[in-house]
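Student: sequence and predicted structure below; questions after.
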Amino acid sequence: MIIFYGKKYGLKYDYLNSGGSGYDDNGNLAYICPWWENDNNWTGADRIYATAFWTLQKAQYFFKNIIYFDYTQFGQVNVQLDTLDILAEYNRDIKEIRYSRTKDGVWNSPASIDLLCHEYGHHIISSVSNGLDDSYYMEPGAINEGYADIFGKSVQNYIEGYNETRIETMGEDVVISDSRLKRSCNNPNSMGYHFVGSSSTPVLGQPDTYSGVYWYDGYHDEGGVHVNSGVINFWFYLLSKGGSGYNDFNDYYEVSGIGIEKGAKIVYNSLPLLLFEAEFTDARNATIIAAENLYGIGSNESQQVLNAWEAVAVDGNCLSSEIVAPDFICSGTSVSINNLPDGATIEWNNGSYILRTSPQDSNPCTFTAIGSGNSWIEATINSDCGNVTLPKKYVWAGMPVTPTEIIPFWNNGMEFGNDSYYDFRVNPHPSVSYYTWDVDGGTIISGQGTHWITVKTQKITGNFNVNFSVGVRAGNLGCGESSRFVRTGWVIPGTGGATMAFTPNPTTGETTLTIETVSEEKTFDETAPWELEVYSPMQALKTKKTRLKGKSTTIQTAGWTEGVYTVRVKYQDEILTGKLVVKR
């Protein structure tokens, strides 16, 4: 039951329909209304009442029919329109939501869907959790705030449908320009706030990784309940929508989204498992168990819950195991599971080109290649936490793959005295432990053994023809040696053509790349298509664009790991490279 009280009238909502009961200021029944206003002039308090009434009506429908929250079991929640210094709040002692009559002189914005349903989410957390609400500080408080955000955005998604600009921003309808007072679910670093040192002044940005960038361990904001909740928001974004990348500790993650409604059901059903002073590890275990109860042990849903927690670097008390294996399997290769809980049993599984040569339940377990190609190893552990299938470990089986391309990089500005310097690389492959290069026409000065080398030659003013070859080995684990790939006569243009520039560089969110000609005789061809590749500090391909036209393109770097990225442009017959610095 939801009851609205206000200066003019109150609206009581008790049934899943579009009407309500009008109450006077003393709480006495005044009239039954089907959704009307005396003069049909929906302004001022009438407008904000109507918005809140309609919003929470939809919220109650969502939680009753989609999440199966029994509102009759937990009594009424009062909703009070008032003048507050803050936008909205929930008082669990009297089960009351209070929201502002105005904020910065703007009507209606505090009654936005996600804001009101966030506060209603606090009511549900207080009603259903098993003590979490008794410890509103530090990690338990951050879980509380994160879960309330999840419920708020889930209701909004139910009402409006998915729109990334709206659903992934908390408080997007509130007319306040300060991004510190809003929160981003898909990029917490870009909104919200944290604190630096002992300062009580909020600084832009929330963390998206546990104990990572912007994580707060101080005492302001009840120990960062509105700061560290960013990790919970990003976890739910990955769980519902999916995503891949590297977290703040440069750990790679890949999550397949299961949808917002399924994710919200899992969060709701984890609440009874969250006790007094629950921490993020407890939320991880509780949501995995909830997913197993809803969708089955070993289900995709429970697996993605685990994957999403791994993505934000939250380890479980007894579910933090992972498969440890080399990137390639040869003969008698050992594979193990770390942090295996006491008494747990293991069921191994594997893909093509691999044969398990140890008994089931072995740890470590040995595998041998019986062919050559991409494969995988998987393990399901059965422990007190239930049956959990660990993320697959993707490997290469057998003989290492032979490179099929060698990419030359022209290093503008890398000429010293009578020398010129050039970079050459191959795309790295998990079947290869090191690379052996030999160059005809130059001297390798760095990178031998890796997939990226720098070559010194005599200074060249025109085109440069170089013969070179490369061989590949898979280390010394007995996999053997691939065929030698040879590339000869590759022409690298001189510096008479074009170069690139970035604005800004370093960048924190995006930068504009512009191709500039360096010769008066050669002008930029606006109709000529060109392509762009960006490589991470670990030299993995980060993004690629093709068929670009015009001098400039924008590179979005929001959410990228801090570091130096290599940018490669192929424009007409030239290969251009540059360095882009990304800051957080």
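Tutor: Arrived safely, thanks for sending. Residues are numbered from 1 along each chain as shown.
Student: now Gly343: phi and psi?
Tutor: Main-chain dihedrals, Gly343, degrees, to the nearest 10: phi 80, psi 0.
Student: bridged to the closest residue to it other than its chain neighbours, which residues?
Tutor: With sequence-adjacent residues excluded and distances taken as C-beta to C-beta, 6 or more residues apart in numbering, Gly343 is closest to Ser383, at 6.7 Å. All C-beta spots, glycine's among them, are computed from the backbone N, C-alpha and C. Following DSSP bridges, Ser383 is listed with bridge partners Gly386.
Student: for Thr404, what are its contacts?
Tutor: Taking C-beta atoms under 8 Å, 6 or more residues apart in numbering, we find Thr404 in contact with Phe485.
Student: is it true that it lies in a helix?
Tutor: No - secondary structure of Thr404 (DSSP: H, G, I helix; E, B strand; the rest coil): coil, not part of a helix.
Student: distance of it from Phe485?
Tutor: For Thr404, the distance to Phe485 (C-beta to C-beta, to the nearest Å) stands at 7 Å.
Student: same question, Ser536
Tutor: Counting by C-beta to C-beta, the gap from Ser536 to Phe485 is 24 Å.
Student: which one's more surrounded, the two?
Tutor: Counted by other C-beta atoms under 10 Å, Ser536 and Phe485 do not tie: Ser536 has more neighbours, with 19 against 15.
Student: quick one: low-confidence parts of the stretch 451-584 of the chain?
Tutor: Low-confidence segments of the stretch 451-584 of the chain, defined by pLDDT under 70: 457-478, 486-498, 517-522, 539, 573.
Student: show me where it has its strands.
Tutor: Using DSSP state E, counting those that start in this stretch, the strands of the stretch 451-584 of the chain run over 452-458, 464-473, 485-492, 498-503, 510-517, 530-535, 541-548, 552-556, 563-571, 574-582.
Student: so what strands line up beside the fourth one?
Tutor: Right, strand 498-503. Sheet pairing for strand 498-503, using DSSP bridges, gives strand 510-517 (antiparallel).
Student: restrict the strand it pairs with to CA atoms and write it as CSV.
Tutor: C-alpha atoms of strand 510-517 as CSV (Å, rounded to 0.1, in the frame of the first residue of the first chain):
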residue,chain,number,x,y,z
GLU,A,510,37.8,11.4,-26.1
THR,A,511,40.3,12.8,-28.6
THR,A,512,40.2,14.0,-32.2
LEU,A,513,42.7,12.5,-34.6
THR,A,514,43.6,14.7,-37.5
ILE,A,515,45.7,13.8,-40.6
GLU,A,516,48.0,16.6,-41.6
THR,A,517,50.1,16.8,-44.8
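Student: relative to strand 552-556, how tilted is that strand?
Tutor: 150 degrees (axes from the mean of the first three to the mean of the last three C-alpha atoms, to 10 degrees).
Student: what's strand 510-517 in contact with?
Tutor: Residues external to strand 510-517 that are found in contact with it (C-beta under 8 Å, 6+ apart): 497-505, 523-524, 530, 532, 551-558, 567, 569, 571, 576, 578, 580.
Student: skipping adjacent residues, who's closest to Phe485 in space?
Tutor: Pro403 (4.5 Å).
Student: now the phi/psi pair for the one you found, please.
Tutor: In terms of degrees, to the nearest 10, the main-chain angles of Pro403 are phi -60, psi 150.
Student: could you list the buried residues of the helix or strand encompassing Tyr237?
Tutor: If you go by DSSP states H and E, Tyr237 is part of helix 229-241. For helix 229-241, the neighbour count (16 or more other C-beta atoms under 10 Å) marks 229-241 as buried.
Student: what of stretch 434-443?
Tutor: Tyr435, Trp437, Val439, Gly442.
Student: run the chain-centre distance for that stretch.
Tutor: 39 Å (C-alpha atoms, centre = their mean, to the nearest Å).
Student: model confidence over it, on average?
Tutor: Stretch 434-443 carries an average pLDDT of 76.
Student: let's see that stretch as PDB, backbone CA atoms only.
Tutor: Included here for stretch 434-443 are C-alpha records, laid out as PDB according to Å, rounded to 0.1, in the frame of the first residue of the first chain:
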ATOM      1  CA  TYR A 434      58.200 -16.100 -28.300                       C
ATOM      2  CA  TYR A 435      59.100 -14.800 -31.800                       C
ATOM      3  CA  THR A 436      62.400 -15.100 -33.700                       C
ATOM      4  CA  TRP A 437      63.000 -12.300 -36.100                       C
ATOM      5  CA  ASP A 438      65.700 -11.900 -38.800                       C
ATOM      6  CA  VAL A 439      65.900  -8.800 -40.900                       C
ATOM      7  CA  ASP A 440      67.800  -8.300 -44.100                       C
ATOM      8  CA  GLY A 441      68.800  -4.600 -44.600                       C
ATOM      9  CA  GLY A 442      68.700  -3.400 -41.000                       C
ATOM     10  CA  THR A 443      69.600  -4.200 -37.400                       C
END
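Student: give me the neighbour count for the spatially closest residue to Trp530 that is not a sequence neighbour.
Tutor: Excluding its sequence neighbours, the residue lying closest to Trp530 (C-beta to C-beta, 6+ apart) is Tyr571, at 4.3 Å. Using other C-beta under 10 Å, Tyr571 has 23 other residues around it.
Student: please renumber so the chain begins at 38
Tutor: Got it, the first residue is 38 from now on, which makes the last one we talked about Tyr608.
Student: distance of Tyr608 from Ala538?
Tutor: Counting by C-beta to C-beta, the gap from Tyr608 to Ala538 is 13 Å.
Student: ok, Thr394 touching Ile407?
Tutor: No - counting by C-beta atoms under 8 Å, Thr394 does not reach Ile407; the two are 10.2 Å apart.
Student: the residue nearest to Trp567 touches Leu569, doesn't it?
Tutor: No - using C-beta under 8 Å, Tyr608 is not in contact with Leu569, being 9.5 Å away.
Student: tell me where the stretch 338-487 of the chain has strands.
Tutor: For the stretch 338-487 of the chain, the strands defined by DSSP E, counting those that start in this stretch cover 359-361, 365-366, 370-375, 382-387, 391-393, 402-406, 410-420, 423-426, 430-434, 444-453, 456-462, 471-477, 480-483.
Student: weakest of those in terms of mean pLDDT?
Tutor: strand 444-453 (a mean of 47).
Student: switch the buried residues of helix 266-278 over to CSV; also include distance to Asp130 and pLDDT.
Tutor: Formatted as CSV, the buried residues of helix 266-278 follow (distance: C-beta to C-beta, whole Å; pLDDT from 0 to 100):
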residue, distance to Asp130, pLDDT
Ser266, 22, 97
Gly267, 28, 96
Val268, 28, 97
Ile269, 24, 97
Asn270, 27, 96
Phe271, 31, 97
Trp272, 30, 98
Phe273, 28, 97
Tyr274, 32, 96
Leu275, 35, 97
Leu276, 32, 97
Ser277, 32, 96
Lys278, 36, 95
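Student: much appreciated, bye for now.
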